[in-house]
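Colleague: pasting the sequence and the predicted coordinates here, then a few questions.
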Amino acid sequence: MPSLPILVRVGLCLLGIMIFCAAISFYQRANLIMHPNDDTTNILRFLYFHGRVGKAQLVNFLVPLGLLVITTVIGHHLYSVNVGTVFCVLFNGPLIGFADRHFWLSLHHNFRVKSE
């Protein structure tokens, strides 16, 4: 991989992100045993953002982005942020939403919002 042209590597990176966004869509809809980060996205999505996964994902990224800013300010260096990171922050939510609407349509969210 490291010897491939930069555009091919970036393309493969973006393709990988798109594939794992589809996988996250399946995993969140199954809602069997959730990773806390993905569960947080579901909680934000259904309790606070009326099913809008893009907004929920952006809010979910605020903590790691805040830590990134803090460590950059303290250390005066920015590490491990590249095209893939920016693509994830901007497009994870919309890509998960796209997969919800277009892939494996018989799999539905079983997240329950308790009414009081």
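Modeller: Arrived safely.
Colleague: residue 57: what's it in contact with?
Modeller: Counting by CB atoms under 8 Å, 6 or more residues apart in numbering, residue 57 makes contact with 41, 92-93, 96. (C-beta placed from N, C-alpha, C; glycine too.)
Colleague: if we go to 10 Å?
Modeller: Contact analysis of residue 57 by CB atoms under 10 Å, 6 or more residues apart in numbering lists 21, 24, 38, 40-41, 44-45, 49, 88-97.
Colleague: one more: residue 110?
Modeller: Neighbour list for residue 110: 28-32 [criterion: CB under 10 Å, 6+ apart].
Colleague: only the buried subset of the residues you listed, as a ChimeraX command please.
Modeller: Here is the ChimeraX command that picks out the buried ones among these, judged by 16 or more other CB atoms under 10 Å:
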select :28,29
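Colleague: which of the contacts of residue 110 fall within strands?
Modeller: Counting by DSSP state E, the contacts of residue 110 place none of their members in strands.
Colleague: any chance of the contacts of residue 110 in TSV, plus distance to residue 56 and pLDDT?
Modeller: TSV is the format used below for the contacts of residue 110 (distance: CB to CB, whole Å; pLDDT from 0 to 100):
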residue	distance to residue 56	pLDDT
28	10	89
29	14	90
30	18	87
31	15	81
32	20	81
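Colleague: nearest to residue 108 among the contacts of residue 110?
Modeller: Closest to residue 108 out of the contacts of residue 110 is residue 29 (6.1 Å), distances taken as CB to CB.
Colleague: not counting sequence-adjacent ones, nearest residue to the closest one?
Modeller: For residue 29, ignoring the flanking residues on the chain, the nearest one in space by CB to CB, 6 or more residues apart in numbering is residue 107 at 4.6 Å.
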